[in-house]
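Student: this one's structure only:
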C-alpha cells in the first residue's frame, strides 16, 4: 500500500505536518480519518524521495471515453460514502452505484452490487441511475427482547483501570502504524 500511495500521491514535505492533517481528517471522517492519515506518515517527501514520473496528477474532472462506475457503501467504516458521492460529482461521464451494506467495500457483499460491477467490467453496462443495492446479509436482525438489558461483568472503572500503567511503568501510547506480522519473508531471526 505505501509503495503506491507514497510514490503516486501528493504528500507534504515535512512529516511534522501529519498531526494537524490527522486532526482535520478525523473531523472529516471520524473513526478512520486519523488512522488513514497516520498510515501515510512515512510518505512525507523529506523521507520518501521516490516519485513516479508518469503518475497522473489531474485534472480529475475530464470527460472519459468510457463511463466511470463509482461504487459507494453507506456503512463502510474506512471509505466514507460521502467520498464516493464527491468523487462521482467530479466526473462528467459517471454513474454512482450505492450499497446499503456493512463492512469495508461493497463488491461481494450482495449479488446486486457484484452483478452490477461485473456487468460494467465485462460489458461496460451501467446500472440504472440512482440504483441502490441492499446487502445480502444484514447484521443485528435479531433484536433483544423489549426491555431486556444485559450488563457487563466488569464495571467501567475496572475497565479503565486495566489500561492504567502500574506504578513505575511508562505510559503506553497506541501504535501510530499497525504492527507488522511477526513472521514473514523479511523476519530477522
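Tutor: That came through fine. Values in this document were obtained by computation on a predicted structure and should not be read as measured data.
Student: which helices and strands sit right next to the lengthiest helix in the chain?
Tutor: Counting residues, the longest helix in the chain under DSSP state H turns out to be helix 111-123. Where contact means 3 or more C-beta pairs under 8 Å, 6 or more residues apart in numbering; DSSP states H and E, helix 111-123 is packed against strand 68-75, strand 94-102, strand 132-134. The C-beta positions use only the backbone N, C-alpha and C, and glycine is treated the same way.
Student: just the ones you listed: most buried one?
Tutor: Each of those was scored by mean neighbour count; the highest is strand 94-102, a mean of 21, by mean count of other C-beta atoms under 10 Å.
Student: tell me the angle that one makes with helix 111-123.
Tutor: 150 degrees (axes from the mean of the first three to the mean of the last three C-alpha atoms, to 10 degrees).
Student: partner strands of strand 94-102, parallel or antiparallel?
Tutor: strand 68-75 (parallel), strand 132-134 (parallel) (DSSP bridges).
Student: Residue 16: what secondary structure?
Tutor: helix (DSSP: H, G, I helix; E, B strand; the rest coil).
Student: center of the chain - which residue?
Tutor: Of all residues in the chain, the one closest to the mean position by C-alpha atoms, centre = their mean is residue 78, 2.6 Å from it.
Student: And stretch 115-127, how far out from the chain middle?
Tutor: Here stretch 115-127 shows a centroid-to-chain-centroid distance of 24 Å under the convention C-alpha atoms, centre = their mean, to the nearest Å.
Student: For it, buried residues please.
Tutor: 116-117, 120, 126-127 (16 or more other C-beta atoms under 10 Å).
Student: which pair in those spans the largest distance?
Tutor: 117 and 126 (10.6 Å; C-beta to C-beta).
Student: Now for these two: what residues contact both?
Tutor: Residues touching both residue 117 and residue 126 (C-beta atoms under 8 Å, 6 or more residues apart in numbering): residue 69.
Student: Not counting sequence-adjacent ones, nearest residue to residue 68?
Tutor: Take residue 68 and drop its neighbours on the chain: the residue closest to it by C-beta to C-beta, 6 or more residues apart in numbering is residue 94, 4.5 Å away.
Student: Domain parsing of this structure, as residue ranges.
Tutor: As assigned by automatic domain parsing, the chain contains the domains 2-43, 68-134.
Student: How far off centre is the shortest one?
Tutor: Same thing as domain 2-43. The answer for domain 2-43 is 12 Å, by C-alpha atoms, centre = their mean.
Student: now the end-to-end length of it.
Tutor: 7 Å (C-alpha to C-alpha, to the nearest Å).
Student: same check, this time on the last one
Tutor: One end of domain 68-134 to the other measures 21 Å (C-alpha to C-alpha).
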